[in-house]
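J.: sequence first, predicted model second:
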2 protein chains.
Amino acid sequence: MTTLYLIPTSLGPTELVSILPAEVCAVTASLHHFVAENAKTARAFLKQVNVSHPLSIALQEIQITELNINTPAAELSALLDPLRAGFNVGVLSEAGVPAVADPGASLVRLAHAEGITVKPLVGPSSILLALMASGLNGQSFAFHGYLPTDASMRSKRIKLLEQRSQQENQTQIFIETPYRNQALLEAMLSNCNGQTLVCVATDLTLASESIKTQTADAWKRDIAKGRLPDFHKKPTVFLFLAE
Amino acid sequence: MTTLYLIPTSLGPTELVSILPAEVCAVTASLHHFVAENAKTARAFLKQVNVSHPLSIALQEIQITELNINTPAAELSALLDPLRAGFNVGVLSEAGVPAVADPGASLVRLAHAEGITVKPLVGPSSILLALMASGLNGQSFAFHGYLPTDASMRSKRIKLLEQRSQQENQTQIFIETPYRNQALLEAMLSNCNGQTLVCVATDLTLASESIKTQTADAWKRDIAKGRLPDFHKKPTVFLFLAE
């Protein structure tokens, strides 16, 4: 029986010893076949693994096939070929855990359809770390990925999700393309109730990590005083909970 | 500056080397103060950490204060006293990551209100691992904790969430008290559309781990043939996605 391993990678420049269990590095080092969102990033990650856990074959002999948003559905099945030939395969995301907020899920689904064993490994997820550290409700939460970029559609969506948050006591979680972080925060603040709790979590697991939760009103006061979070062009998770 | 560390623990009997980064064990071993959902479980965990990362003081000198569903809100603030006195504090859940599907979030929220640094550490979350391995949509998902135990209310809720799943392409995630796993699966299958994809993920990170995704119709055929998943009294995450 072969296994499709889902292998988390780092969220930015950091030592693997702080974000991956040793056993995850050991499994990674044992594999000869990977499916990766970005082959270049995957190679850099494998080089980093190699420092503490020597790869079982030379890096240039390792087969890395890309799976990203441009991959046609018809090409998915071929990515499982090494498993059919008796080799384990590792799936690597561009950052964080595969198959969450990235295109890997379609491959995992196909693996289930063929009865292939799927093994998720432990590692950093900015969404989960942000939720833990937010202090917002962790017993009910929803992740929505990106909000619409059109301002009026985005406002409408924020208002709808704030209503749902209040009715169901459900934490709402979003991400944004890093250069639009300020625009998204401002859209949240101008559409949410002043008492809604808003968390901004930036550069998770990195030396520059910052996580802050306060009411929308308190964020507005900070911004009026010129105190924006230091999140320009930095990967950030946004969360809110209406009470 | 003192820090409130959110420290994940194992999901069952397993080697720490497979589920925790070495640095997380090192931070844990350095702390003298913990807030734990269950002091006995916390002590067992610290004993396990001590094997690879010797604790900085004797286990019996480590202060462990309980925070669970019976803790009155008025007693929360005192749990932060060590931080005010200059000591770092670790928060430990009964299993998995603190502040997600457990009572720790209220303490984290209070820490933010006092401007205390909150640092979430990497470790196993059954919810996240199940989502990764399910092959269901990881770009939009919602975790609902437990469903109502009343059969008619539960049916109503499942139908409502299946509708939402279809409209928003959102994966729905639940947990159940382990002895009720079969009842929950049957409730899902009898209320969901036959083509809805249902994932049952049991004993995540353990030697007995099993994860399977197939349509509700395929689950029903398996059950009719007497092939229930091996999940009786085992911690299980349930997920579905309606298309």
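T.: Arrived safely, thanks for sending.

J.: what residues sit buried inside the longest helix belonging to chain A?
T.: Ranked by residue count and defined by DSSP state H, the top helix of chain A is helix A:151-168. Neighbour counts over helix A:151-168 (16 or more other C-beta atoms under 10 Å in any protein chain shown) mark A:154-155, A:157-158, A:161-162, A:164-165 as buried. Every residue, glycine included, has its C-beta placed from N, CA and C.

J.: how about stretch A:212-222?
T.: A:212-216, A:218-220.

J.: overlap between these and the residues near chain B?
T.: The subset of the buried residues of stretch A:212-222 within reach of chain B, by C-beta under 8 Å from any C-beta of the partner chain, is A:212-214.

J.: tabulate these (JSON lines), appending distance to residue B:137, secondary structure and pLDDT.
T.: Formatted as JSON lines, those follow (distance: C-beta to C-beta, whole Å; DSSP: H, G, I helix; E, B strand; the rest coil; pLDDT from 0 to 100):
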{"residue": "A:212", "distance to residue B:137": "29", "secondary structure": "strand", "pLDDT": "97"}
{"residue": "A:213", "distance to residue B:137": "27", "secondary structure": "strand", "pLDDT": "98"}
{"residue": "A:214", "distance to residue B:137": "31", "secondary structure": "strand", "pLDDT": "97"}
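
J.: tell me where chain A has strands.
T.: Assigned by DSSP state E, chain A shows strands spanning A:3-7, A:33-36, A:63-66, A:89-92, A:117-120, A:141-143, A:171-175, A:197-202, A:210-215, A:236-241.

J.: turn these into TSV, columns for distance to residue B:18.
T.: Output for the strands of chain A, formatted as TSV (distance: least, C-beta to C-beta, whole Å):
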stretch	distance to residue B:18
strand A:3-7	12
strand A:33-36	20
strand A:63-66	24
strand A:89-92	16
strand A:117-120	11
strand A:141-143	26
strand A:171-175	28
strand A:197-202	27
strand A:210-215	27
strand A:236-241	26
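
J.: what's the distance between stretch A:221-229 and the middle of its chain?
T.: Centroid separation for stretch A:221-229 versus its chain: 27 Å, with C-alpha atoms, centre = their mean, to the nearest Å.

J.: now do it: distance from first to last residue.
T.: Length of stretch A:221-229, first residue to last, C-alpha to C-alpha, to the nearest Å: 12 Å.

J.: quick one: residues in contact with that stretch.
T.: A:182, A:185-186, A:189, A:200, A:202, A:210, A:212, A:214, A:236 (C-beta atoms under 8 Å, 6 or more residues apart in numbering or on different chains).

J.: relative to residue B:1, which of these is nearest.
T.: Using C-beta to C-beta, residue A:210 is the member of the contacts of stretch A:221-229 that sits closest to residue B:1, with 12.8 Å.

J.: what's the pLDDT at that closest one?
T.: pLDDT, residue A:210: 97.

J.: do the same with residue A:103
T.: pLDDT, residue A:103: 81.

J.: how about residue A:78?
T.: At residue A:78, pLDDT is 95.

J.: the one 3 residues further on too?
T.: With respect to pLDDT, residue A:81 has a value of 96.

J.: count the residues that sit near the closest residue to residue A:52 other than its chain neighbours.
T.: Excluding its sequence neighbours, the residue lying closest to residue A:52 (C-beta to C-beta, 6 or more residues apart in numbering or on different chains) is residue A:25, at 6.0 Å. Residues near residue A:25, counting by other C-beta atoms under 10 Å in any protein chain shown, number 21.

J.: from residue B:21, how far off is residue A:14?
T.: Using C-beta to C-beta, to the nearest Å, residue A:14 is found at 10 Å from residue B:21.

J.: more neighbours: which of the two?
T.: Higher neighbour count among residue A:14 and residue B:21: residue B:21, with 28 against 19, using other C-beta under 10 Å.

J.: next, the contact list for the more buried one, please.
T.: Residues near residue B:21 by C-beta under 8 Å, 6+ apart: A:16-22, B:121-123.

J.: return the subset of the residues you listed lying in helices.
T.: When the contacts of residue B:21 are checked against helices (DSSP H), the matches are residue A:22.

J.: confidence score at the residue of chain A most remote from its centre?
T.: Residue farthest from the centre of chain A, counting by C-alpha atoms, centre = their mean, is residue A:225 at 31.7 Å. Note on residue A:225: pLDDT of 95.

J.: swap in the one 4 residues further on?
T.: Looking at residue A:229, its pLDDT stands at 91.

J.: now do residue A:190
T.: At residue A:190, pLDDT is 96.

J.: what sits against the spatially closest residue to it that is not a sequence neighbour?
T.: Using C-beta to C-beta, 6+ apart and skipping the chain neighbours, the partner closest in space to residue A:190 is residue A:155 (7.7 Å). Going by C-beta under 8 Å, 6+ apart, residue A:155 touches A:187, A:190-191.

J.: make a ChimeraX selection of the buried ones in these.
T.: Selection of the buried residues among the contacts of residue A:155 in ChimeraX, burial being defined by 16+ other C-beta under 10 Å:
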select /A:187,191
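
J.: of the contacts of residue A:155, which is the nearest to residue B:129?
T.: Using C-beta to C-beta, the contacts of residue A:155 come closest to residue B:129 at residue A:187, 32.4 Å.

J.: leaving aside the residues next to it on the chain, what's closest to that closest one?
T.: That would be residue A:154: by C-beta to C-beta, 6+ apart, it lies 5.4 Å from residue A:187.

J.: surely that neighbour is in contact with residue A:148?
T.: Yes - Residue A:154 lies in contact with residue A:148 (C-beta atoms under 8 Å); the separation is 4.9 Å.
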